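Novice: got a sequence here, can you model it:
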Amino acid sequence: GFSIYDTDDTNKLLKLVMAELKIDPKQFTPNGTRSKISSWKNEDINPVQAQAQATTFIDEKYAALYEAYEKALRKSNALDFDDLILRTVQLLEQDDEVREKYARKFRHVLVDEFQDTNPLQLLFVKLLTTVHGNLFAVGDDDQSIYSWRGAKIENMLKFEDSFKGALTFRLEQNYRSTGNILKAANQVIAHNKKRKGKNLWTSDADGDLLTEEEFLDDEDEAARLVDIVRTETAPGGLSKGDITVLYRTNAQSRVLEDALRRAHIAYQVVGSLHFYDRREVRDMMAYLKLISNPADAISALRVINVPKRKIGKTTVDRLQELATREEITLGAAAAEVGLMEQQIAPAACRRVRDFFQLMTRLRMRIQDDISIKDLVELVIKEIGFQNHLETDDPETAGARSENVAEFLNAAGSFDESSAGGTL
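Specialist: Residues are numbered from 1 along each chain as shown. Sure, this is the predicted structure:
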């Protein structure tokens with residue numbers, strides 16, 4: 001009869017807890033707090049233990065939030081995602097009959113990506129194999145580089161200690177890479193201090209030698225990419241479709257796209273949107289357009305309720321009708337208090353006016369010779385854009401924040417290249 005709280009539910013509950021404890025959600029964001037609590041739960045650390053381990057003011061606040069959050073969960077008869085494993089482990093530890101029932105039911109246990117298991121998951125696996133000991137684990141200790149959800153490489157390095165009598169089989173033949181790539185990989189990874197050790201090899205040819213280049217910055221790297229594409233696609237060479245550029249995060253595509261666009265080289269982004277087509281980037285562009293051009297109705301309509309300001313479609317439609325009838329801009333229509341309140345509720349009128357007054361204040365900063373980068377930073381701060389990203393879609397907030405940060409970098413590059421150009 002319990003509820004399962006997803007990420008959005010958890011963040012909402014944390015906001016309520018923060019309000020009760022009078023903790024500023026801008027200092028201790030719901031996402032950051034959720035991550036901290038998750039790490040504690042994945043190490044089987046309860047609120048009392050978290051408070052005992054706290055050595056800083058920040059840790060003490062997080063521990064207090066953890067305790068209050070757990071009370072709020074119990075009050076709502078709810079569990080979060082981490083509880084689904086934590087409570088299961090606690091049940092199997094405390095009830096021999098239940099543990100034996102499930103250990104006998106699952107006679108063979110297979111764990112993939114074992115290098116990404118955390119302490120709680122390791123304990124879960126141990127409990128499920130107490131009767132038969134039939135465990136088959138697959139993993140690569142050399143791929144343990146991100147510590148997802150509290151993953152511990154020690155789980156794999158000490159596997160034989162945790163599961164006595166285990167046999168280890170090294171799968172060292174590689175079927176995807178050339179010999180020179182594997183030689184380089186072996187030499188680089190050999191410097192890792194914590195690893196079980198292996199030697200990758202292939203029956204394929206050595207292939208081309210690897211090349212390494214050093215660049216001053218990301219724009220220098222992008223310029224080199226353009227040179228390579230031009231050279232490789234010269235008459236008699238490759239077609240553009242034969243060239244693939246790999247990058248790690250979405251935000252990194254911006255500088256590469258800019259360089260290719262300036263060079264008039266056609267390209268296609270696979271598996272993602274072009275940088276300037278991403279929602280958060282288009283939102284920031286719309287703000288800049290509206291600040292520069294108060295008559296830009298399309299930009300105004302895009303961001304008038306981004307972040308959410310309780311300005312609904314009906315209010316916007318009536319504002320548009322007024323602007324069309326009077327042949328004025330949306331901002332000018334918002335300033336027509338008498339006419340506005342004939343069609344729109346006073347509270348909604350106030351919210352609309354607040355939005356356009358904010359745009360006016362930001363527009364006035366242009367007269368102070370503010371740089372584009374500083375203006376973007378000011379917009380992000382004034383509209384609370386970071387908090388908007390976290391509440392709008394917590395799962396994608398990290399990637400979208402990276403895109404906003406990269407847009408800020410683009411603004412800085414524009415300032416430098418234009419010697420303080422204007423909007």
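Novice: now the closest residue to Val379 other than its chain neighbours: how far from Met359?
Specialist: Once flanking residues are discounted, Val379 sits nearest to Tyr287: 5.1 Å by C-beta to C-beta, 6 or more residues apart in numbering. Heads up, the C-betas are built off the backbone N, CA and C, glycines and all. From Tyr287 across to Met359, the span is 8 Å (C-beta to C-beta, to the nearest Å).
Novice: before we move on, back to that, and the residue nearest to Val379, that one's in a strand?
Specialist: No - looking at Tyr287 with DSSP: H, G, I helix; E, B strand; the rest coil, it is helix, so not inside a strand.
Novice: in the protein, which spans are strands?
Specialist: With DSSP state E as the criterion, the chain has strands at 3-5, 78-80, 109-111, 135-137.
Novice: deepest of the ones you listed, which one?
Specialist: Of the strands of the chain, the one with the most neighbours on average (mean count of other C-beta atoms under 10 Å) is strand 78-80, at a mean of 18.
Novice: same for it, what does it pack against?
Specialist: For strand 78-80, the packing partners by 3 or more C-beta pairs under 8 Å, 6 or more residues apart in numbering; DSSP states H and E come out as strand 3-5, helix 7-21.
Novice: let's see 6 Å
Specialist: Under the contact definition 3 or more C-beta pairs under 6 Å, 6 or more residues apart in numbering; DSSP states H and E, strand 78-80 sits against strand 3-5.
Novice: and the contacts of the strand it packs on?
Specialist: Strand 3-5 is contacted from outside by Ala78, Leu79, Asp80, using C-beta atoms under 6 Å, 6 or more residues apart in numbering.
Novice: for stretch 168-179, same thing?
Specialist: Applying C-beta under 6 Å, 6+ apart, the contact partners of stretch 168-179 are Leu182, Lys198, Asn199, Leu200, Thr202, Asp204, Asp206, Gly207.
Novice: enumerate the positions of the least confident helix or strand in the chain by mean pLDDT that are buried.
Specialist: In the chain, no helix or strand scores lower on mean pLDDT, DSSP states H and E than helix 337-343, which sits at a mean of 76. Neighbour-count burial for helix 337-343, with 16 or more other C-beta atoms under 10 Å as criterion, is recorded at Met340.
Novice: got it, and stretch 259-277?
Specialist: Those would be Ala259, Leu260, Tyr267, Phe275, Tyr276, for stretch 259-277 by 16+ other C-beta under 10 Å.
Novice: who has more neighbours, Tyr287 and Met359?
Specialist: For Tyr287 and Met359, the more surrounded residue by other C-beta atoms under 10 Å is Tyr287, and the numbers stand at 25 against 21.
Novice: that one contacts Ile380, correct?
Specialist: No - counting by C-beta atoms under 6 Å, Tyr287 stays clear of Ile380, with 9.1 Å between them.
Novice: tell me the pLDDT at Met284?
Specialist: Per-residue pLDDT puts Met284 at 93.
Novice: residues near the nearest residue to it once chain neighbours are set aside, how many?
Specialist: For Met284, ignoring the flanking residues on the chain, the nearest one in space by C-beta to C-beta, 6+ apart is Phe407 at 5.5 Å. By the other C-beta under 10 Å criterion, the neighbourhood of Phe407 contains 25 residues.
Novice: could you check how far Phe407 is from Ser371?
Specialist: 14 Å.
Novice: ok, now Ser299?
Specialist: Note on Ser299: its distance to Ser371, by C-beta to C-beta, is 21 Å.
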